[in-house]
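> everything below, folded, please.
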Amino acid sequence: MIRSKIAISTEHYYSCEVSKKIPIKISVLALNGPEGLGIVEALDRKKETLEEFVKLMKKSDQIIEFNVTHKTPTMYWNKVKHKLDYPSIHDSILESGSMTILPIIIENGIQYHNILSPSADSFRKLLGYLQERFTDVNIRALSSKPTETLQDFLTDKQYETIMLAHRNGYYEIPRRITLEEVGEELGIKRVACQERIRRAEQKIINYYVKDSLFSDYGFQ
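Numbers count the residues shown, from 1 in each chain. As a prediction, this is how the structure comes out:
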């Protein structure tokens, strides 16, 4: 399984165009075919920005139906139904055999999707569809082990030590506990505690940094 975060923007696409024109952030929280439910926030915290968003959405020839279902001074809940002459970004993701983990975030003309692909082949197909159909596709993060937790790649002792250190403020600034004190809690010497934490930190860094764009997309 491959997890990716991809930023996608394209010309003449209603959500990209609207969010490019005014300072808003759209969070798409639910999808059912061409219908979507979401929340739009005014980044400048102005009511006029939200009112302009509604006007632009209703004027778009890609929008069949648009309703505001709830309002606050800086946020509108909305229901949208669109109609496109080509596959939508979300449809293209599904067509490749992948799926988006909601929410979809749209801001400054860009849609941000967190995507799960079942295999390297399906990810390549996903990337091909997106690059073929949309103007700009930028991979922000990529991982080949998206479902693992710390317990999956740390030893029991490393996990116990790193969690104890974190819980007691070792990673706060300033630190609320020393390595010696962590060691005392575990019944081990300071040097052994330091070694255990450093090995755990190395594994965590390797997982989240080295694997984030693994093998230059070679998936090896």
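> what's stretch 56-69 in contact with?
Applying CB atoms under 8 Å, 6 or more residues apart in numbering, the external contacts of stretch 56-69 come out as 13-14, 17-18, 21-22, 34, 54, 76-84. Bear in mind the C-beta positions are built from the backbone N, C-alpha and C, glycine included.
> and if we set it to 10 Å?
12-15, 17-19, 21-22, 24, 34-35, 37, 39-40, 50-51, 53-54, 76-85, 88 (CB atoms under 10 Å, 6 or more residues apart in numbering).
> domain parsing of the chain, as residue ranges.
In terms of domains, the chain is parsed into 2-143, 150-217 (source: automatic domain parsing).
> what about the longest one, how long is it end to end?
The stretch domain 2-143 measures 6 Å between its terminal residues, going by CA to CA, to the nearest Å.
> from the chain's centre, how far out does it sit?
Relative to its parent chain, domain 2-143 has a centroid offset of 13 Å by CA atoms, centre = their mean, to the nearest Å.
> cool, and the last one?
Here domain 150-217 is found 25 Å from its chain centre; the criterion is CA atoms, centre = their mean.
> also stretch 130-148?
The answer for stretch 130-148 is 11 Å, by CA atoms, centre = their mean.
> could you list the buried residues of that stretch?
Under the neighbour-count criterion of 16 or more other CB atoms under 10 Å, stretch 130-148 has 130, 133, 134, 137, 142, 143, 144, 146 buried.
> let's see which of the residues you listed end up in strands.
Counted as lying in strands by DSSP state E, out of the buried residues of stretch 130-148, are 137, 142, 143.
> does the last one touch residue 2 like I think?
Yes: because the distance of 7.1 Å satisfies CB atoms under 10 Å, residue 143 is recorded as touching residue 2.
> name the element residue 25 belongs to?
Assessed by DSSP states H and E, residue 25 sits inside strand 24-32.
> for the next helix or strand after that strand, give the mean pLDDT please.
Next helix or strand after strand 24-32 toward the C-terminus (DSSP H and E): strand 35-42. Averaging pLDDT along strand 35-42 gives 96.
> parallel or antiparallel, list what pairs with strand 35-42.
strand 24-32 (antiparallel), strand 75-82 (antiparallel) (DSSP bridges).
> can you list these in CSV and add mean neighbour count and distance to residue 205?
As requested, those are exported to CSV (neighbours: other CB atoms under 10 Å; distance: least, CB to CB, whole Å):
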stretch, mean neighbour count, distance to residue 205
strand 24-32, 17, 30
strand 75-82, 18, 37
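> strands of this structure, start to end?
Using DSSP E, strands in the chain cover 2-9, 24-32, 35-42, 63-72, 75-82, 99-107, 110-117, 136-143.
> and those as TSV, adding distance to residue 164?
Converted to TSV, the strands of the chain look like this (distance: least, CB to CB, whole Å):
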stretch	distance to residue 164
strand 2-9	29
strand 24-32	36
strand 35-42	38
strand 63-72	42
strand 75-82	40
strand 99-107	31
strand 110-117	31
strand 136-143	27
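> just checking, what packs against the lowest-mean-pLDDT helix or strand in the chain?
Least confident element among the helices and strands of the chain, by mean pLDDT, DSSP states H and E: helix 150-153 (a mean of 74). In terms of contacts (3 or more CB pairs under 10 Å, 6 or more residues apart in numbering; DSSP states H and E), helix 150-153 is packed against helix 156-167, helix 190-208.
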